[in-house]
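Trainee: Prediction below, plus the sequence it came from.
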Amino acid sequence: MQKSVIIVAGGSGTRMNANIPKQFLEISGKPIVIHTIEKFYSFDNSISIILALPEQHIPLWHKLVKKHNFNIPLQLVNGGETRFDSVKNGLKMIENGIVAIHDAVRPLVSLDTIKRAFETAILKGNAIPSILINDSIRILDNSENKSLDRTNIRIIQTPQCFNATLIKKAYNQDFDVSFTDDASVLEKTGEKINLTEGNQENIKITNPTDIIIANALYGKLSYNKPPAK
């Protein structure tokens, strides 16, 4: 079955206090987005890779491709005003099979997480990686707050994998503020969402502390190896 991945790279450097978008910041000597692309290529070098970038960031992307001698084949699509629009543009490049949708700033996703998500989506139509919450949590209610049982709560990650026909149909809906991720878009059509196991290191790099953590982890994780030539 054909496998595809849409890597959504529409972030900015606002919370990073950076002068370039966060997906282009470097960890372990390379831009975050390149590490992310390499991870999916390592998983399956026949996978169809679609990179959704804001149009104004494409010239910088081409400079980084040249600088880092990057040669993994992929298709570029223009990102939209929102993540919803970017994914919708990426889905236009896909006809069938299983498609993963992944945040460009999650380079520490494990190959096992990717594999589980694809395998479950093949069997059940969708798969959403998730992890347990280790911290105690409280919920706010106006001026009050109270402890919340974390047993039945999960942190959601990407890649979120889908039968291409189902997710393309779901993205024909108008945008809704309840769409916090791709699973919520599909869920609005009545489909049941299937959770799979993610990996704790699969953080979304959002602020300067995350860069420090990613740099510390990258050299220590056995699955963070460049794709075989």
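Mentor: Right, received. Where do you want to start? Residues are numbered from 1 along each chain as shown.
Trainee: all contacts plus neighbour counts: C-alpha atoms, from now on.
Mentor: Fine.
Trainee: what does the longest helix seen in the chain rub up against?
Mentor: Longest helix in the chain by number of residues (criterion: DSSP state H): helix 111-124. Under the contact criterion CA atoms under 8 Å, 6 or more residues apart in numbering, helix 111-124 has outside partners 39-40, 42-43, 98, 100, 126-129, 159-163, 194, 196-199, 223.
Trainee: Could you list the low-pLDDT ranges of the chain?
Mentor: Within the chain, the segments meeting pLDDT under 70 span 11-17, 222-223, 225-229.
Trainee: One more pass at 50, please.
Mentor: The chain contains residues with pLDDT under 50 at 227-229.
Trainee: Can you list the residue ranges for strands in it?
Mentor: Along the chain, counting by DSSP state E, strands occupy 3-8, 26-27, 30-31, 48-53, 75-78, 98-103, 126-132, 137-141, 144-148, 154-156, 160-163, 195-197.
Trainee: out of those, nearest to Lys67?
Mentor: Evaluated over the strands of the chain, closeness to Lys67 peaks at strand 30-31, with 9.8 Å, by CA to CA.
Trainee: Other residues contacting that closest one?
Mentor: Outside strand 30-31, the residues that touch it by CA under 8 Å, 6+ apart are Gln23, Phe24, Leu25, Leu64, His68.
Trainee: filter the residues you listed to the buried ones?
Mentor: Burial by neighbour count, 16 or more other CA atoms under 10 Å: within the contacts of strand 30-31 this picks out Gln23, Phe24, Leu25, Leu64.
Trainee: With distance to Arg154 added, can I get those in TSV?
Mentor: Listed next are these as TSV, based on distance: CA to CA, whole Å:
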residue	distance to Arg154
Gln23	25
Phe24	29
Leu25	29
Leu64	36
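Trainee: By neighbour count, which bits of stretch 109-117 are buried? Give me those.
Mentor: For stretch 109-117, the neighbour count (16+ other CA under 10 Å) marks Val109, Ser110, Leu111, Thr113, Ile114, Arg116, Ala117 as buried.
Trainee: Correction: the previous question concerned stretch 35-43.
Mentor: For stretch 35-43, by 16+ other CA under 10 Å, it's His35, Thr36, Ile37, Glu38, Lys39, Phe40, Tyr41, Ser42.
Trainee: do stretch 198-206 as well
Mentor: By neighbour count on 16+ other CA under 10 Å, the buried set for stretch 198-206 is Gly198, Asn199, Glu201, Asn202, Ile203, Lys204, Ile205, Thr206.
Trainee: what angle separates the longest helix of the chain from strand 3-8?
Mentor: If you take axes from the mean of the first three to the mean of the last three CA atoms, to 10 degrees, helix 111-124 sits at 120 degrees to strand 3-8.
Trainee: Just the CA trace of helix 111-124, in CSV.
Mentor: Below are the C-alpha coordinates for helix 111-124, written out as CSV (Å, rounded to 0.1, in the frame of the first residue of the first chain):
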residue,chain,number,x,y,z
LEU,A,111,10.7,4.7,13.9
ASP,A,112,8.6,2.4,16.1
THR,A,113,6.0,5.2,16.7
ILE,A,114,5.8,5.8,12.9
LYS,A,115,5.6,2.0,12.2
ARG,A,116,2.8,1.5,14.8
ALA,A,117,0.8,4.4,13.4
PHE,A,118,1.0,3.2,9.8
GLU,A,119,0.2,-0.4,10.7
THR,A,120,-2.8,0.5,12.8
ALA,A,121,-4.1,2.9,10.1
ILE,A,122,-3.9,0.2,7.5
LEU,A,123,-6.1,-2.1,9.7
LYS,A,124,-8.5,0.5,11.2
